[in-house]
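Visitor: here is the input, now give the coordinates:
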Amino acid sequence: MTTTDMTRRPTRRRPASVGPLAVATTVALATAVMVPANANAQDSSAIPELFPAQNRLVAMGGSPTGQCFGAVSTSINPDAYPNSSSVGWAFGVLGVGPCDLTVTLSWKNLDTGATGEKTAHVPAPRISGGVPDPINHPYEAIMNTGGGPIEYTLTTDGGAVAGPITITTPAYTG
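Guide: Residues are numbered from 1 along each chain as shown. Below you'll find the predicted structure:
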């Protein structure tokens, strides 16, 4: 051995990129929808809601328990009610035990400075859209943002973040 061989430092592995994780999650979600499960565990209509679209935030990551991984999304309707927006939720979270995942949609009116948030809880693995859980009544989907540009950010207590995006809520003119 030469002196340079003995002083060579070990190479460090680079962390996996989000791309392979997104592909793995997509394959896992597709498989989960095809595999029979009880009626409360899956809702294949939620799958399209887990992909990026206009007025939608999608966050991918794990749960605080480390036993779940997947995607959560919010679809925002800026014209839901006068001076308000509404939110729809979708979950594609797979795992082998309790997830105990809390998802938070935060908003800020860029004209007035008003802020607020909506939260959803994912206690266990699930593939579902936002009706009925966590929205038990249509009023629970309403966010009184006021009119103007509203900035939205989606976060989870598992470390996933999506956004911010800005969506304009029409001002009430009645």
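Visitor: which stretches of this structure form strands?
Guide: For the chain, the strands defined by DSSP state E occupy 56-62, 68-81, 84-95, 101-109, 115-122, 126-129, 142-143, 148-156, 161-169.
Visitor: least confident of these, on average?
Guide: Comparing mean pLDDT across these, the weakest is strand 126-129, with a mean of 84.
Visitor: can you give me the buried ones in it?
Guide: R126, I127, S128, G129 (16 or more other CB atoms under 10 Å). The way it works is simple: take the backbone N, C-alpha and C, and place the C-beta from them, glycine included.
Visitor: again with stretch 147-159
Guide: Applying a neighbour-count criterion of 16+ other CB under 10 Å, one finds G147, G148, I150, E151, Y152, T153, L154, T155, T156, G158 buried in stretch 147-159.
Visitor: tell me who's in contact with the residue nearest to P138 when sequence neighbours are not counted.
Guide: Leaving aside its chain neighbours, P138 sits nearest to S86 (7.9 Å; criterion: CB to CB, 6 or more residues apart in numbering). Shown in contact with S86 (CB atoms under 8 Å, 6 or more residues apart in numbering): I76, N77, A80, P138, A141, I142, M143.
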